[in-house]
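J.: Sequence and predicted structure, then a few things I'm wondering about:
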Amino acid sequence: MVSRFRCLVAIGLVSACVIVSADDWPQFRGTNADGIAGSTLPTQWAADEGETQNIKWQVPIQGEGWSSPIISNGQIFLTAAVPVDEDKADAAKPTEYSGGGGSRRDDLTSTTFHYDVICLDAATGKENWRRTAKQGRPPMPRHSSNTYATETPVTDGKSIFAYFGMNGVYCYDLAGELRWQKDLGSFEMRAGWGTSSSPVLFDGKLYIQVDNEEQSFVIALDADSGEEVWRVNREEKSQYSSPIIWTNSKRSELIVGGVVYRSYDPMTGDLLWQLDMEKGRSSATPIAVGNRLFVGTELRNRGGDDDGGGFLFAIKPGGSGDITPPNDATDSEFIAWKTDSSDIQMASPTFCDGHLYFLERRAASVTCVNAETGDIAYKQRIRGARAFWASPWSDGKNVYCLDTGGTTYVIAGGAAFRLVSENVIDEQAWSTPGIADGAIYLRTLSHLYSIAEPSKSSE
């Protein structure tokens, strides 16, 4: 059975690949949005003042932003929101937050920001160019731990598409020339949390999930012109996960999270199937591993309208209509299995050695799930770890877990927990790293680091 599953994984991964360089990381969580690197990564590094190990370079980053770095053709692209008044820079910085305790809404709507797209040289960290996409006051407040540049840009190797939530979407060429821009509107978000859903590219179209408290929708834009191709209104409130493309043995599908998970035809926006998640909150981005799609919502039990959720489903290809299992069934024609024990929360899962890995943010624990069966291999609290908000990543051998204090815990892949190493960068960190050519590009509150063994780093 395990070998059969791995065969399905191999077939699906081949079909799911987009046409980019093997050394690129073109979107949130990489080529296939799964956090899986294409090369072996270092397991040891240090960035203390008295000692540096496997730190190729570090550079300061002006402004706030939890967007991930993306990498294309030896260049790094990331976004930042920078207060125009330098005296307000400290007040605008996101604060550390472990969860709970109310909305902690920051009303920065009277503060003027410029929203920047930044290009760096991957080999040196040198800034190649910086463009201000927009300058103005944000239309909505945000949570004190969020930023106005949390959405990760995406590239097709020819253009960079930067989405700043309610501050618009902007397309640049690789030299930093603006090709087009589009305003998608301004909408109230739940409890002033702000936005975080990153765009995805497929077959010449840019897809953006705009879920909010007023009128949620998913939209497809022509990547060359920015013109609207299609738009589908959604019966959802504020959600925070990012859409992905699932290319399986049957077809390519646009997967969009929510209280009801939905699959759309990427070409037309037609609904292919839907799955009732029994409420909860959709923050973690789904992951596709070959012919299996894994989706879930965070358990909510605080007396709100979204109370419920906490389930993880493994979905088979070819579904149509409502694929929700009947009653309390844990499988069906298009559902391989269902579990309520994955601890899926904010961080998106990754895959390594036949298993899925989930991070529980407040308890700082990792849950390992057998991807074929849904059985829980282990749940383990990582001693000394702070909260987990960044998503884990894998190089096929180890799994990397970055806490909010900047420490990365490396654990061995497989069904048994084993801590390989702890690597400290003593700075606040929420951003999920980008990876290319054996290097980890790790963004903290104020710096970007290139982490690589000397033989693995770019020349």
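T.: Now that the structure is in, tell me what you want to look at. None of these values were measured; they are calculated from a predicted model.
J.: C-alpha coordinates for stretch 29-37, CSV please?
T.: Provided in CSV are the C-alpha atoms of stretch 29-37 (Å, rounded to 0.1, in the frame of the first residue of the first chain):
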residue,chain,number,x,y,z
ARG,A,29,5.5,27.7,-0.5
GLY,A,30,7.3,26.9,-3.8
THR,A,31,6.5,25.6,-7.2
ASN,A,32,3.8,23.2,-6.1
ALA,A,33,2.7,25.2,-3.0
ASP,A,34,3.8,22.3,-0.8
GLY,A,35,6.9,23.7,1.0
ILE,A,36,9.1,21.0,-0.5
ALA,A,37,12.5,22.0,-1.6
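J.: buried sites along that stretch?
T.: By 16 or more other CB atoms under 10 Å, the buried positions in stretch 29-37 come out as R29, G30, T31, N32, A33, D34, G35, I36, A37. Where C-beta positions appear, they are placed from N, C-alpha and C, glycine not excepted.
J.: same deal with stretch 185-195?
T.: Buried-residue list, stretch 185-195, by 16+ other CB under 10 Å: F187, M189, R190, G192, W193, G194, T195.
J.: got the contact list for the second one?
T.: Listed by CB atoms under 8 Å, 6 or more residues apart in numbering, the contact partners of M189 are M140, T195, N212, E213, S238.
J.: Recalculate using a threshold of 6 Å.
T.: N212, S238 (CB atoms under 6 Å, 6 or more residues apart in numbering).
J.: could you measure it against W25, distance?
T.: 28 Å (CB to CB, to the nearest Å).
J.: just E64 next, same as before
T.: In terms of CB to CB, E64 sits 22 Å off from W25.
J.: backbone phi and psi for N167, please?
T.: phi -100, psi 10 (degrees, to the nearest 10).
J.: just use 26 as the starting number from now, easier for me
T.: Done: numbering now begins at 26, and the last item shifts to N192.
J.: How many residues are close by it?
T.: 26 (other CB atoms under 10 Å).
J.: Just to check, it is in contact with Y140?
T.: Yes: assessed by CB atoms under 6 Å, N192 is found in contact with Y140 at 5.5 Å.
J.: what touches both of these two?
T.: Residues touching both N192 and Y140 (CB under 6 Å, 6+ apart): K159.
J.: List the buried residues in stretch 68-85.
T.: Buried residues in stretch 68-85 (16+ other CB under 10 Å): T68, W70, A72, N79, I80, K81, W82, Q83.
J.: can you put the residues you listed in a markdown table and add secondary structure, distance to C144 and pLDDT?
T.: Shown next, in a markdown table, are the buried residues of stretch 68-85 (DSSP: H, G, I helix; E, B strand; the rest coil; distance: CB to CB, whole Å; pLDDT from 0 to 100):
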| residue | secondary structure | distance to C144 | pLDDT |
| --- | --- | --- | --- |
| T68 | coil | 29 | 98 |
| W70 | coil | 24 | 97 |
| A72 | strand | 23 | 86 |
| N79 | coil | 24 | 96 |
| I80 | strand | 21 | 96 |
| K81 | strand | 18 | 96 |
| W82 | strand | 15 | 97 |
| Q83 | strand | 17 | 97 |
